[in-house]
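A.B. asks: The sequence isn't on hand, but the structure is:
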């Protein structure tokens, strides 16, 4: 569930799969240009700790959380100390980088630029009613992509 509370007290509430912003984000339409050419991949991370979604964790741990879990990758001795300090305040499951890589291709390769990203930007920039048009367009493309993924999995 996505809930945003504005300064004036009004709230926007939507589930992730019906919110135009989340659909555009999850389908890689509103990423920064640097995401398509990221040089900090695989073992080239410069941070002490890298934190992200642990997509596919169910394969290793079962469905333990309806909202998913995060992966915290320790990249340095300082990172080890940081994670050690919070272990008592968090549920920690140990895994390997190889396990995490299975469902997280962004760990080792940059996101591929969508072929229709320019059409998406034209809709957003040139339309007063862009929200509804983008929402319908992304929902359609999202369905097509899911269908293609299903077909690929059955081969």
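C.D. replies: Yes, it's here. Model, not experiment: these values are computed from the prediction.
A.B. asks: contacting residues around the residue nearest the centre of the chain?
C.D. replies: In the chain, the centroid-proximal residue (C-alpha atoms, centre = their mean) is residue 26; its distance is 5.8 Å. Neighbouring residues of residue 26 by C-beta atoms under 8 Å, 6 or more residues apart in numbering: residue 16. Glycine gets a C-beta too; all of them are placed from N, C-alpha and C.
A.B. asks: quick one: secondary structure of the closest residue to residue 12 other than its chain neighbours?
C.D. replies: Spatial nearest neighbour of residue 12, chain neighbours left out: residue 4 (4.5 Å); criterion: C-beta to C-beta, 6 or more residues apart in numbering. Counting by DSSP: H, G, I helix; E, B strand; the rest coil, the backbone at residue 4 sits in strand.
A.B. asks: and residue 4, how many neighbours does it have?
C.D. replies: 11 (other C-beta atoms under 10 Å).
A.B. asks: Tell me which residues touch it, please.
C.D. replies: Contact partners of residue 4, counting by C-beta under 8 Å, 6+ apart, are 11, 12, 13.
A.B. asks: Just the buried ones among these, please.
C.D. replies: Neighbour counting with 16 or more other C-beta atoms under 10 Å marks none of these as buried.
A.B. asks: Need these in CSV (columns: distance to residue 120).
C.D. replies: Output for the contacts of residue 4, formatted as CSV (distance: C-beta to C-beta, whole Å):
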residue, distance to residue 120
11, 27
12, 22
13, 25
